[in-house]
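>>> quick one: sequence and predicted model below, then my questions.
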Amino acid sequence: MTPPDEHPRTETATAPPPQCPAHAYGTGGVARLYGPAAEADPMGLYEQLRERYGAVAPVLLHGDLPAWLVLGYRENLDVMRTPSRFSRDSRNWRDMREGKLPPEHPLAPISTWQPICAFADGQVHERWRGAINDSIGRFDRRGMRRHITRFAGQLVDRFCTAGKADLVDDFAEHLPMLVMTQLLGMPEEYGPRLVKAARDMIKGTETAVSSNAYVQETLRKLVVRKRADPGPDFTSWLLEHPSELTDDEVQQHLRLVLIAAYETTANLIANTLRMVLTDPRCRANLAGGHMTLPDAVEQILWDEPPFTTILGRWATQDTELGGHKIKSGDPLVLGLAAANLDTAIRPDPTAPVHGNRSHLAFSGGAHECPGQDIGRAIADTGIEALLTRLPDIRLAVPEDELTWVSALMSRHLVELPVEFTPQQPQPMPVPELPAPAPAADAEEPVGSAADQEVPALPAAERRSWWASLTRWLRRR
């Protein structure tokens, strides 16, 4: 990429737009995607860049490394779908080859090449991605939802007697990691510290490197244990897959799945809960049957995707994108949030989008998120369990007092304080032991352990979530 002061279309526009803080801009008037100014209002910055440069804008990453931010929907798809021009292999990054991203650089944990499908194209990508897809496909969806409901209930039990809670700190940030540690075959007690390390690493903070080291060591020990004692879990399935992944390849893919699933799902839960609690249009549509909870989740994926941007792709050749000349070795940042609001495909970004999954919240092309349905399941099942237990839940502060924290790749609520009528914890019902099966039925398969862990309530004790939610909405 050309130096910032020679960046395309910036030669005569070295001063930032008057409505944007000057310190958001670096050398040559090119906007930084990091620092207080950029993180205060990332969506506002994206729109200013779109107005100034069009569908692709020159930007600066940490350390004022030059990059391109892809803002247009079609341009993002072009990048995602043409690996021959825009590779996922970060070894193409010219600045990295020149030693400008040492191990202690904040972006090193998420950009240094690793033996995982997210950094590969072609046959190598197909081998690794095939193992991921096949292993995810082995999950028992009904059993997984029962795990989600059980963990959501445990979290609600921790605060239900108080009549108040912070749904970010007490619920959204813990549920995905509890579920993922279960699916990966990890002890549940790993969850709390992994939550902290995962979020710190994805922010690209000064301690991101040490947080990454903790996650890596935890997963290394898990792989060693599962190699010796496999079980019905994602880690064991990767280890036994016909593609014969090495222990290191399994470890790195576990990290990829864990971090991606955690960050996206925690943000998705928090953002959906905020919309349900604060948006009168959403409440009216849910109460009137014009929108279901999965519809609400999908709307959030359009309007507030869990990852606002993704670093990245790297140009394999000199090419053109959005009217800009891209040089071989240039990095590209996929602007998922900006693309979802591109008026070229959403003339009215404020209009609801029902039954449409063509958003880019989970990226696209060959590298589209393989676990997106798991994320959706954790979000809608967990929120369903929460609203069923606390049908009169309401926001405890004015909506304009809610605050967000942003980083390069994500934006999330700091707190979501709520109030509700105090409830008593619900002990898990103890199932009656089934009678011994007749000898003739000895060969008949039984349900999985996951299916048996959370027994169904008797019919008289089951409550309709939809009826509970409708009652709650009508009280508003």
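Arrived safely. No experiment lies behind these values; they were computed from the predicted model shown.
>>> residue 411 belongs to a helix?
No. Judged by DSSP: H, G, I helix; E, B strand; the rest coil, residue 411 forms no part of a helix; its state is strand.
>>> got the contact list for it?
Neighbouring residues of residue 411 by Cβ atoms under 8 Å, 6 or more residues apart in numbering: 42, 267, 304, 308, 337, 404, 405. Every residue, glycine included, has its C-beta placed from N, CA and C.
>>> among the residues you listed, which ones are buried?
Using 16 or more other Cβ atoms under 10 Å as the burial test, these include 42, 267, 304, 308, 337, 404 as buried.
>>> chain neighbours aside, what residue packs nearest to the second one?
With Cβ to Cβ, 6 or more residues apart in numbering as the measure, residue 306 is the residue that lies nearest to residue 267, at 3.8 Å, once sequence neighbours are left out.
>>> how deep is that neighbour tucked in, by neighbour count?
As a burial measure, residue 306 scores 28 neighbours (other Cβ atoms under 10 Å).
>>> from residue 153, how far out is it?
From residue 306 across to residue 153, the span is 24 Å (Cβ to Cβ, to the nearest Å).
>>> so what's residue 9 scoring on pLDDT?
Residue-level confidence at residue 9 comes out at 33, pLDDT.
>>> helices of the stretch 251-400 of the chain, start to end?
Assigned by DSSP state H, counting those that start in this stretch, the stretch 251-400 of the chain shows helices spanning 280-287, 293-303, 336-340, 372-389.
>>> residue 92 is nearest to which of the ones you listed?
helix 336-340 (21.1 Å; Cβ to Cβ).
>>> who does that closest one touch, helix- and strand-wise?
helix 42-53, helix 73-81 (3 or more Cβ pairs under 8 Å, 6 or more residues apart in numbering; DSSP states H and E).
>>> may I see those helices organised as TSV, with distance to residue 363 and mean pLDDT added?
Below are the helices and strands packed on helix 336-340 laid out as TSV (distance: least, Cβ to Cβ, whole Å; pLDDT from 0 to 100):
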stretch	distance to residue 363	mean pLDDT
helix 42-53	17	94
helix 73-81	6	97
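>>> quick one: which of these is nearest residue 249?
Residue 249 lies closest, by Cβ to Cβ, to one member of those: helix 73-81, at 23.6 Å.
>>> what packs against that closest one?
Using 3+ Cβ pairs under 8 Å, 6+ apart, helix 73-81 sits against strand 319-321, strand 331-334, helix 336-340.
>>> now the residue nearest to residue 267: phi and psi?
Per-residue torsions, residue 306: phi -60, psi -40 (degrees, to the nearest 10).
>>> I figured it was touching residue 265, is that so?
Yes. Using Cβ atoms under 8 Å, residue 306 is in contact with residue 265, at 7.2 Å.
>>> need the overlap of contacts for these two.
Common neighbours of residue 306 and residue 265, counting by Cβ under 8 Å, 6+ apart, are residue 375.
>>> contact partners for residue 195?
So residue 195 contacts 173, 174, 177, 262 (Cβ under 8 Å, 6+ apart).
>>> any chance of the buried ones among the contacts of residue 411 in CSV, plus distance to residue 233?
As requested, the buried ones among the contacts of residue 411 are exported to CSV (distance: Cβ to Cβ, whole Å):
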residue, distance to residue 233
42, 36
267, 25
304, 31
308, 31
337, 33
404, 35
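>>> and which of these is nearest to residue 344?
Nearest to residue 344 among the buried ones among the contacts of residue 411 is residue 337, at 15.2 Å by Cβ to Cβ.
>>> can you pull the contacts of that closest one?
Applying Cβ under 8 Å, 6+ apart, we find residue 337 in contact with 42, 43, 46, 304, 305, 308, 309, 411.
>>> partner residues bridging residue 313?
residue 332 (DSSP bridges).
>>> so it touches residue 329, yeah?
No. Residue 313 is beyond contact range of residue 329, at 11.6 Å (criterion: Cβ under 8 Å).
>>> residue 360 versus residue 247, what's the distance?
Where residue 360 is concerned, residue 247 sits at a distance of 34 Å (Cβ to Cβ).
>>> have a look at those two and say which one is more surrounded.
residue 360 (25 against 14).
>>> what pLDDT is listed against the more buried one?
At residue 360, the model reports a pLDDT of 96.
>>> next: residue 3.
Reported pLDDT for residue 3: 38.
>>> which residue comes closest to residue 155 once chain neighbours are left out?
Using Cβ to Cβ, 6+ apart and skipping residues adjacent in sequence, the residue nearest residue 155 is residue 171, 5.3 Å away.
>>> with residue 376 instead?
residue 297 (6.1 Å).
>>> number of nearby residues for that neighbour?
With other Cβ under 10 Å as criterion, residue 297 counts 20.
>>> next one: the one 4 residues further on
With neighbours defined by other Cβ under 10 Å, the count for residue 301 comes to 27.
>>> repeat for residue 108
Other residues within reach of residue 108, judged by other Cβ under 10 Å, total 17.
>>> can you pull the contacts of it?
101, 102, 208, 209.
>>> phi, psi of it?
Torsion angles, degrees, to the nearest 10, at residue 108: phi -60, psi -40.
>>> against residue 65, how distant is it?
12 Å.
>>> what does residue 148 give?
From residue 148 to residue 65 the distance is 40 Å (Cβ to Cβ).
>>> again, but for residue 105
Residue 105 sits 9 Å away from residue 65, going by Cβ to Cβ.
>>> any chance you could map the strands in the stretch 151-300 of the chain?
Assigned by DSSP state E, counting those that start in this stretch, the strands in the stretch 151-300 of the chain fall at 164-166.
>>> what sits against the nearest residue to residue 56 once chain neighbours are set aside?
Among residues not flanking residue 56 along the chain, residue 322 sits closest, at 3.4 Å (Cβ to Cβ, 6+ apart). Residue 322 sits next to 54, 55, 56, 70, 72, 75 when contact means Cβ under 8 Å, 6+ apart.
>>> buried only: go through those residues for me.
55, 56, 70, 72, 75.
>>> quick one: low-confidence parts of the stretch 151-300 of the chain?
202-205 (pLDDT under 70).
>>> I'd say residue 120 and residue 89 touch.
Yes. Contact between residue 120 and residue 89 holds when scored by Cβ under 8 Å: they sit 6.5 Å apart.
>>> give me the more crowded residue out of the two.
Each of residue 120 and residue 89 has its neighbours counted (other Cβ under 10 Å); residue 120 has more, 22 against 18.
>>> so what pLDDT did that one get?
94.
>>> swap in residue 31?
Here the pLDDT value assigned to residue 31 is 92.
>>> name whatever forms a beta bridge with it.
residue 25, residue 59.
>>> what's the closest non-adjacent residue to the residue with the shortest distance to the centre of the chain?
Nearest residue to the geometric centre of the chain (Cα atoms, centre = their mean): residue 264, 1.3 Å. Take residue 264 and drop its neighbours on the chain: the residue closest to it by Cβ to Cβ, 6+ apart is residue 306, 3.7 Å away.
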